[in-house]
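Undergrad: Let's see this in three dimensions:
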Amino acid sequence: MPAGPFPTQAQQERWLAEPPFSFVYGGAPSAELLADWPCERTCTLVDAERRHHQTCWSDPATGLVVRCEAVAYATDEALEWIVYLENGGATDTPIVEDLQAIDATMDADAADPVAVHCARGSTSSIADYQPLCKAVEPGGGVQLHSHGVPTTTGAGPSGSPSVEYLPFFNVQAGDRGTIVGLGWTGPWNAGVARRADQRIAVRAGMDRTHLRLHPGESIRGPRVLALPWQGRRVDAHNRWRRLLREHYSPRPGGRPFAGVIAQTVWGSWMDAEGHIAEIAWWAEHDIPLDCYWMDAGWSGDMEKSWVGHQSNRVANERSFPHGVQPVSAAAHRQGMKFLLWFVPESVQPDVEIGREHPEWLGQPFSHEAYGDQVFYGLDHGDPQVNQFMVEYFSGLIETYGVDIFRQDGLHLWPPDSGPDREGIRQIRYNEGFYAFWDGLLERHPELCIDNCGCGGRKLDLETIRRSVVLWRSDCQASGVFDPIISQAFSHGLSHWLPLHGAAASLVDLSAYSVRSAYACSMLFTGPGDPSKYRSAEDAELLRRLVLEYRGVRHLYSGDYYPLTPYSLDADLWLAWQFDRPDLDEGVVQAFRRDQCTDDTCRCVLDGLGAEALYEITDLDTDESWRCAGADLLTAGLLIQLPQRPGAAIFTYRRLD
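TA: Down below sits the predicted model:
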């Protein structure tokens with residue numbers, strides 16, 4: 001793997017000539033086998049920025065066909081690929097094992113310090129998405145993984161891609177490096193090692209493969225995206241953000257996702273009339289809300305059984321005698337979208353789908369998240385089940401008037417059928433899961449999928465292409481909405497993802513708490529019926545802050561510059577900058593936390609033109625002034641907040 005740019009087609013093809021993946025076949029490494037197998041290559045132009053490469057190797061002896069589908073990006077010098085293995089023979093193949101979606105090397109000088117920059121995943125902790133830097137010593141290595149919390153009973157496995165670590169990491173050697181992202185909604189392992197010859201070896205793949213392929217059977221590996229860079233690491237991450245925003249983000253209705261301002265209320269907190277009154281409250285107070293979000297509790301009987309209620313997609317008759325349609329209709333009349341919570345894979349005996357299709361129940365599971373309650377999971381890997389799910393939930397989307405399909409829950413696949421089929425059920429499950437989301441999006445082109453995944457635990461290249469994450473961590477599900485948590489989540493996650501939402505509590509509203517939740521999307525929530533704790537002063541404050549946020553929301557998908565180090569400490573400042581170079585404008589936010597004794601913070605800005613002139617506006621005072629770009633890049637912006645906690649926000653625009 002080259003450590004620097006490879007802008008020409010010839011250079012990219014030279015890289016592709018050496019497969020950037022590996023596996024073991026019949027006990028032999030693929031690097032040795034593929035070198036001797038017949039190979040065919042094609043290259044076609046996708047558009048002005050992308051070329052599609054296909055490379056196929058065929059084993060004359062067993063009929064195994066190895067196909068690598070790759071997309072080369074001319075502008076970003078990035079390369080994406082997936083490897084497919086298919087049995088084209090008449091008998092079972094020898095064992096295919098240790099499939100590594102990426103197995104490549106990059107250069108490093110002996111004097112170069114080598115490090116892996118990565119981030120924690122989501123474990124429902126206030127430290128979720130914390131940036132990490134792991135040094136790679138000569139002869140040593142760094143291991144990353146995400147396995148998730150396994151089921152506590154039952155033979156079937158489970159796994160999530162963004163629990164222990166996010167499936168994105170940046171391997172840096174001196175002033176060069178490569179950002180790697182994985183697309184696999186299951187457990188994975190990755191290793192970065194510095195060899196004796198100083199080259200850096202990078203390997204990553206799903207947690208385990210050891211299987212034979214039956215005649216005509218095929219499998220795929222995780223999707224890989226590699227972005228080589230040279231220069232400043234912060235600039236590399238911003239190239240990564242732009243690449244994901246342009247090519248790996250959902251486009252409901254064919255348009256880039258612009259974000260939403262939502263209020264989230266559990267279905268069980270109010271009856272239908274209460275929800276309709278809540279929708280009307282925002283309109284009556286002239287507060288522009290984009291989306292009304294009905295979370296868990298609207299179906300079945302949650303108090304009797306959590307897993308029973310999540311397996312039931314029929315509205316609770318006591319609270320919703322006419323279904324949830326009157327609530328979605330009320331939202332639509334006010335120009336709002338309607339978000340509804342589902343756990344599509346969950347199924348229980350004698351409850352709806354489980355009652356109609358008991359043969360689909362499979363084996364029972366239990367999980368620490370559900371206490372002692374036993375649950376079952378529908379298998380996306382079964383084509384009949386998966387097609388039913390596409391049609392069934394597509395019907396609910398239409399019937400219930402759903403604009404944003406919120407998917408929660410775990411990934412559970414049946415146990416493999418034998419020791420020589422390890423990994424096959426996980427592969428089939430993930431293939432079916434992607435087909436499920438694709439089926440919903442194909443039938444409902446305007447639909448947006450909200451990827452809850454037990455609070456940010458299903459983040460990878462495959463899911464972010466199809467969904468957005470509006471709720472980043474279940475650590476806030478307990479009702480703890482310390483603004484420092486939202487600040488820290490945004491500070492860490494923004495290195496890797498351009499689109500995500502942040503939460504602010506409707507309890508104890510302040511400019512500090514709400515501004516801490518400014519991101520590409522923002523949601524308001526609180527415990528129970530909001531009318532019980534909301535005041536007239538809250539409405540006035542909400543209107544002012546929501547209008548302020550709407551004026552800057554478009555900036556949070558731009559380039560990201562952390563202006564202070566990441567921290568959860570209450571005695572420090574935290575600040576960041578989002579810049580839209582295509583619009584010549586940006587936003588700076590700074591937070592003085594509640595135990596910080598220093599009332600000033602100087603933020604040295606980034607990404608500006610040194611020779612340019614900028615107009616700075618303080619959104620608290622509406623005061624504007626002009627400042628040279630060179631001064632903002634060196635002396636910086638002096639921010640003073642006499643109160644603590646406090647939140648300052650400034651916008652800027654280039655004048656020339």
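
Undergrad: where along the stretch 351-500 of the chain do the helices fall?
TA: Along the stretch 351-500 of the chain, counting by DSSP state H, counting those that start in this stretch, helices occupy 353-356, 383-400, 424-443, 453-456, 461-466, 483-493.

Undergrad: Can you tell me the number of residues neighbouring residue 442?
TA: When neighbours are counted by other Cβ atoms under 10 Å, residue 442 registers 12. Quick note: C-beta positions are derived from backbone N, CA and C, even for glycine.

Undergrad: just checking, residue 518 touches residue 551?
TA: No. Using Cβ atoms under 8 Å, residue 518 makes no contact with residue 551, being 10.8 Å away.

Undergrad: out of the two, which sits in the busier spot?
TA: When neighbours are counted by other Cβ under 10 Å, residue 518 and residue 551 differ, and residue 518 comes out ahead with 26 against 12.

Undergrad: Contact partners for the more buried one?
TA: 502, 549, 552, 553, 556, 589, 649 (Cβ atoms under 8 Å, 6 or more residues apart in numbering).

Undergrad: Include pLDDT, neighbour count and distance to residue 246 when you put those into JSON lines, please.
TA: Compiled in JSON lines, the contacts of residue 518 are given as follows (pLDDT from 0 to 100; neighbours: other Cβ atoms under 10 Å; distance: Cβ to Cβ, whole Å):
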{"residue": "502", "pLDDT": "96", "neighbour count": "25", "distance to residue 246": "23"}
{"residue": "549", "pLDDT": "98", "neighbour count": "21", "distance to residue 246": "24"}
{"residue": "552", "pLDDT": "98", "neighbour count": "19", "distance to residue 246": "21"}
{"residue": "553", "pLDDT": "98", "neighbour count": "20", "distance to residue 246": "19"}
{"residue": "556", "pLDDT": "98", "neighbour count": "26", "distance to residue 246": "16"}
{"residue": "589", "pLDDT": "98", "neighbour count": "24", "distance to residue 246": "25"}
{"residue": "649", "pLDDT": "98", "neighbour count": "20", "distance to residue 246": "27"}
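
Undergrad: ok, of these, which one's closest to residue 63?
TA: Nearest to residue 63 among these is residue 556, at 51.1 Å by Cβ to Cβ.

Undergrad: Check the secondary structure at that closest one for me.
TA: State at residue 556, reduced to three classes by DSSP: H, G, I helix; E, B strand; the rest coil: helix.

Undergrad: Quick check: chain neighbours aside, which residue is closest to it?
TA: Counting by Cβ to Cβ, 6 or more residues apart in numbering, the nearest residue to residue 556 once its immediate chain neighbours are dropped is residue 520, at 4.7 Å.

Undergrad: In terms of pLDDT, where does that neighbour sit?
TA: Note for residue 520: predicted pLDDT of 97.

Undergrad: Count the residues that sit near it.
TA: Residue 520 sits with 28 neighbouring residues when counted by other Cβ under 10 Å.

Undergrad: distance of it from residue 199?
TA: Distance, residue 520 to residue 199, by Cβ to Cβ, to the nearest Å: 38 Å.

Undergrad: same thing with residue 632?
TA: Taken as Cβ to Cβ, the span from residue 632 to residue 199 is 40 Å.

Undergrad: Check residue 379 too.
TA: For residue 379, the distance to residue 199 equals 42 Å [Cβ to Cβ].

Undergrad: who's more crowded, the two?
TA: The residue with more neighbours, out of residue 379 and residue 199, is residue 379; 24 against 16, by other Cβ under 10 Å.

Undergrad: Hmm, the more buried one is touching residue 414, no?
TA: Yes. Using Cβ under 8 Å, residue 379 makes contact with residue 414 at a distance of 5.7 Å.

Undergrad: between the two, what contacts are shared?
TA: With Cβ under 8 Å, 6+ apart, residue 379 and residue 414 have common neighbours residue 362.

Undergrad: Number of residues surrounding residue 298?
TA: Residues lying near residue 298 (other Cβ under 10 Å) number 28.

Undergrad: Now do the same contact list for it.
TA: 266, 267, 268, 315, 316, 319, 320, 324, 340, 341.

Undergrad: can you do 6 Å?
TA: For residue 298, the contact set (Cβ atoms under 6 Å, 6 or more residues apart in numbering) comprises 267, 315, 324.

Undergrad: Chain neighbours aside, what residue packs nearest to the residue positioned nearest the centre of the chain?
TA: The residue lying closest to the centre of the chain (Cα atoms, centre = their mean) is residue 459, at 3.5 Å. If you skip the residues right next to it in sequence, residue 459 has residue 162 as its closest partner in space, 4.0 Å away by Cβ to Cβ, 6+ apart.

Undergrad: Just want the phi and psi numbers for the closest residue to residue 364 other than its chain neighbours.
TA: Of all residues not flanking residue 364 in the chain, residue 374 sits nearest, at 4.5 Å (Cβ to Cβ, 6+ apart). Main-chain torsions, residue 374, degrees, to the nearest 10: phi -90, psi 140.

Undergrad: Right, I'll call it a day here.
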